[in-house]
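K.L.:
generate coordinates for the sequence data below:
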Amino acid sequence: MVEEIILGHWIFTKFALPFLLIFFIVYGILTKSKILGDKNQLNALIAFVVGLIFIAAVSPVLVVSNLILFLTVATVIMFVGLLLWGFIAGDKGLEFDKAPKSLKIFVGIAILVAILFGTLWAVGIQGGAFFGDIFNFLFGQEGSSTFWTNAAFIVVIIIALTLVLKNTSSGK
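P.N.:
Purely as a prediction, here's the structure:
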């Protein structure tokens with residue numbers, strides 16, 4: 001038998017928590033903006049009524065619940081990205097503020113890719129159909145080996161020309 005924790009009960013998730021969220025947001029806005037003056041009891045009463053009206057309608061509660069879920073997931077994803085950035089550019093680590101801008105951009109892109117793959121892995125899109133389809137699209141089609149060989153050759157030529165032109169222009 002599955003045990004349910006008290007905060008996962010439908011009374012909390014459908015009524016109490018949405019009511020409290022809206023109550024505190026409305027009360028904070030009314031108090032900070034002083035629309036009704038410095039009357040805290042009136043602000044609390046209006047916030048209470050708005051919270052009750054809010055939970056009486058199903059659709060706004062679902063919208064806010066979905067937005068809160070999105071906010072929590074986005075906050076965790078941003079935290080992971082900032083944590084990775086802090087590991088690389090921390091105070092005692094590399095002197096990242098003196099690093100070239102291109103290195104900072106490269107590290108930022110690498111962190112974004114790591115977060116993207118980590119998020120895809122965390123939601124269950126791992127290795128299977130998603131990555132298999134991408135791999136087959138990029139490498140499994142007829143003529144793809146020729147395409148990638150030519151692409152690698154062009155990239156090597158561009159890098160070589162860039163290095164040669166950079167050395168000749170700095171030598172003048």
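K.L.:
which helix is the longest one in this structure?
P.N.:
Secondary structure of the chain per DSSP state H: the longest helix is helix 58-89.
K.L.:
is it correct that residue 68 is in contact with residue 20?
P.N.:
No: at 12.0 Å, residue 68 does not count as touching residue 20 under the criterion of CB atoms under 8 Å. Glycine gets a C-beta too; all of them are placed from N, C-alpha and C.
K.L.:
now the common contact residues for the two.
P.N.:
In terms of CB atoms under 8 Å, 6 or more residues apart in numbering, residue 68 and residue 20 are not both contacted by any residue.
K.L.:
the longest helix of the chain: what's the following helix or strand?
P.N.:
Remark: after helix 58-89, the chain's next helix or strand is helix 101-122, criterion DSSP states H and E.
K.L.:
now that following helix: buried residues?
P.N.:
107, 111 (16 or more other CB atoms under 10 Å).
K.L.:
elements contacting the longest helix of the chain?
P.N.:
helix 17-33, helix 40-56, helix 101-122 (3 or more CB pairs under 8 Å, 6 or more residues apart in numbering; DSSP states H and E).
K.L.:
which elements pack onto the second one?
P.N.:
Helix 40-56 sits against helix 17-33, helix 58-89, with contacts defined as 3+ CB pairs under 8 Å, 6+ apart.
K.L.:
tilt between that helix and helix 58-89?
P.N.:
Here the directions of helix 40-56 and helix 58-89 differ by 100 degrees (axes from the mean of the first three to the mean of the last three CA atoms, to 10 degrees).
K.L.:
what does helix 40-56 rub up against?
P.N.:
With CB under 8 Å, 6+ apart as the contact definition, helix 40-56 has outside contacts at 14-15, 18-20, 22-24, 26-27, 30-31, 36, 60-61, 64.
K.L.:
out of those, what pair is the most spread apart?
P.N.:
14 and 36 (29.7 Å; CB to CB).
K.L.:
pass me the low-pLDDT residue ranges in this protein, would you?
P.N.:
Within the chain, the segments meeting pLDDT under 70 span 1-3, 91-97, 124-132, 169-172.
K.L.:
name the residues of stretch 77-84 that are buried.
P.N.:
80, 81, 84.
K.L.:
what of stretch 20-27?
P.N.:
So, applying 16+ other CB under 10 Å, buried residues of stretch 20-27: 21, 22, 23, 26, 27.
K.L.:
and the closest residue to the last one other than its chain neighbours, how many neighbours does it have?
P.N.:
Going back to what we said before, that points to residue 27. Of all residues not flanking residue 27 in the chain, residue 47 sits nearest, at 3.8 Å (CB to CB, 6 or more residues apart in numbering). Counted with other CB atoms under 10 Å, residues neighbouring residue 47 total 20.
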